[in-house]
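Asks: please work out how this folds:
(2 chains)
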Amino acid sequence: MAIRTTPLHAAHAEHGARMVDFHGWDMPVQYEGILDETRRVRAHGGLFDLCHMGRLVLTGPDREALVEHVFSGNFATLKHGRAKYGFLLNDEGFPIDDVLVYREPEMVHIVINATGREADTAWVHDRQTARGFDCNVANVSDDQAMIALQGPASEHVLQPLCGGDLSALRYYGHMHAPVCGHATFMARTGYTGEDGFELFFDKAHAPEVWAALVDSGRSLEVKPIGLGARDLLRLEAGMPLYGQEINLGIDPLEAGLGFGVDFTKDDTVGIPALRARKEAGSTREAVSLAQQGGRVPRTGCPVVAGEEVVGEVTSGGVSPTVGKNIARAIVKAGSAPLGATVHIEIRGRNHPMEVVAHPFYKRAR
Amino acid sequence: MADRPNDIRYTKTHEWLRIDDDVATIGVTDFAVEHLGDLVFVDLPDVGLDVKAGDSVAEVESVKAVGEVYSSVTGEVIEVNEDLSDDQSSLASDPFGAGWLFKVKVSGDTADGLMDLATYEEQLANEGEPS
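Replies: Sure thing, here's the model as predicted:
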């Protein structure tokens, strides 16, 4: 497969980014270092190139009926101008992807993972065809840029460039306003646990808007941030990564993400199956682990309680915010209660970690 | 870039090797350290371990990755750099000196393909080291 690049590829090289192959995309993994970048976003802010993420725009008369049919959350009560987190579930109730759905009066905007750009689109099309919904599902990922600005300084960085009043935009709210004079759909959402914005606009303007944000952020210590820090930021904030915390083998209930599912919906793909499992009770649960120093927990490390392997790490890393190594793990239900010591196995050796409260980090509001 | 010594040998996998009499001191190069990024842990072998040339005997772990360290000599591990268990910073600040990893008393073969500095730097150029 040919490696894909975003419209900001040249800008990353200019900023001295180290690039990696991320699911077929040549993306910046770090600029100044993953730990420093993570600290920077928590203290000041950072800019993220997310043009590799997938985005769908649904228009036409039956668009909301289609969303209600494929999206696990309660869409009907979502107000215009608000966003909601949830899943696209398969018939068995396992997530095909996790998504953010933004409801607008004339359209629905859905952000999906980079890995789901083509597959999710095809799946939604199939469901649309099967039910004969009269609407248009457009995969706009190739045409639309996506940039996130995250961190406490975000509003101060963006406001001078923005034709709308950002102070009026609440968390998980969205609106249309020009940025650098270009029509932009923007939301107060993100994947870091900080205040911030995600901007969607014509990709032709991506380098110009990126450069303007870099300029505006300079005096506020806000800089471009790589995917390495992004992964750490979301893990610290307790946010799942599709493919790790949830996948076709770990459902939202087991992952502790039941809040993204409206179990009262009957006509949504996967919910009847998931509801049956909820009633039966999950046999596994997600837990959070932390330990000062030592080996770094990595995805796939076995988790041992007593003498028994009870599960595995789904994501792990070194948290500069908490000052410890941290991990999220999926384990046998009840095997790793809060406060217990479990072990992660690396190279045949067991390393202790404590079961701690979730999430690892929550910003003061 | 750290000044790379001219009097030691280098490996394709970015270890360095200094042999004094029958004792080999082994570490990793500045290129390896730079490539790994923020270091957080070094897993060293037990003193007394018998190693064969080509064995993976240590790991240098960064925030994002784990780098295996291979012994390029056969023998017995006689000393490890205990200072690194609490503080890995010398790996970045002095990779060819204070950042050494372990010492092996050589009793057998040395791996093929050890390089002098010029050959190693040629390899780095091919791997795209920024000059």
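Asks: the helices in the stretch 251-365 of chain A, which residues?
Replies: A:271-280 (DSSP state H, counting those that start in this stretch).
Asks: with chain B instead?
Replies: B:30-36, B:89-93, B:117-126 (DSSP state H).
Asks: make a markdown table out of those helices and add distance to chain A.
Replies: Just so you know, the C-beta spots here come from the backbone N, C-alpha and C atoms, and that holds for glycine as well. Putting those into a markdown table (distance: least, C-beta to the nearest C-beta, whole Å) gives the following:
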| stretch | distance to chain A |
| --- | --- |
| helix B:30-36 | 9 |
| helix B:89-93 | 11 |
| helix B:117-126 | 16 |
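Asks: which of those sits most buried?
Replies: helix B:30-36 (a mean of 19; mean count of other C-beta atoms under 10 Å in any protein chain shown).
Asks: other SSEs contacting that one?
Replies: Here helix B:30-36 touches strand B:56-62, strand B:66-70, helix B:89-93, going by 3 or more C-beta pairs under 8 Å, 6 or more residues apart in numbering or on different chains; DSSP states H and E.
Asks: what are the structural domain limits within chain A?
Replies: A:9-51+A:142-236, A:54-131, A:283-365 (automatic domain parsing).
Asks: which one, of these, ends up nearest to B:V47?
Replies: domain A:283-365 (16.6 Å; C-beta to C-beta).
Asks: chain center to that closest one: distance?
Replies: In terms of C-alpha atoms, centre = their mean, to the nearest Å, the centre of domain A:283-365 is found 21 Å from the chain centre.
Asks: can you give me the first-to-last residue distance of that domain?
Replies: Start and end residues of domain A:283-365 are separated by 35 Å (C-alpha to C-alpha, to the nearest Å).
Asks: is chain B contacted by that domain?
Replies: Yes - interface with chain B: domain A:283-365 contributes A:G293, A:G294, A:R295, A:V296, A:R298, A:G317, A:V318, A:N325, A:R347 (C-beta under 8 Å from any C-beta of the partner chain).
Asks: A:F22 and chain B: what is the separation?
Replies: Per C-beta to the nearest C-beta, to the nearest Å, A:F22 is found 12 Å from chain B.
Asks: nope, A:D126 is what I meant
Replies: 37 Å.
Asks: where does that residue sit: helix, strand or coil?
Replies: Three-state assignment for A:D126 (DSSP: H, G, I helix; E, B strand; the rest coil): helix.
Asks: okay, now it: neighbour count?
Replies: 11 (other C-beta atoms under 10 Å in any protein chain shown).
Asks: cool, B:V80 as well?
Replies: 20.
Asks: separation between the closest residue to it other than its chain neighbours and B:G113?
Replies: Nearest non-adjacent residue to B:V80, counting by C-beta to C-beta, 6 or more residues apart in numbering or on different chains: B:L44, 4.1 Å away. According to C-beta to C-beta, to the nearest Å, B:L44 stands 24 Å off from B:G113.
Asks: looking at the two, which one has more neighbours?
Replies: B:L44 (20 against 12).
Asks: name the helices or strands packed onto the helix or strand where A:I110 lies?
Replies: If you go by DSSP states H and E, A:I110 is part of strand A:108-112. Using 3+ C-beta pairs under 8 Å, 6+ apart as the contact test, the elements touching strand A:108-112 are strand A:54-59, helix A:63-70, strand A:95-103.
Asks: ok, now with 10 Å
Replies: strand A:54-59, helix A:63-70, strand A:82-89, strand A:95-103, helix A:117-131, strand A:136-139, strand A:182-187, strand A:196-202 (3 or more C-beta pairs under 10 Å, 6 or more residues apart in numbering or on different chains; DSSP states H and E).
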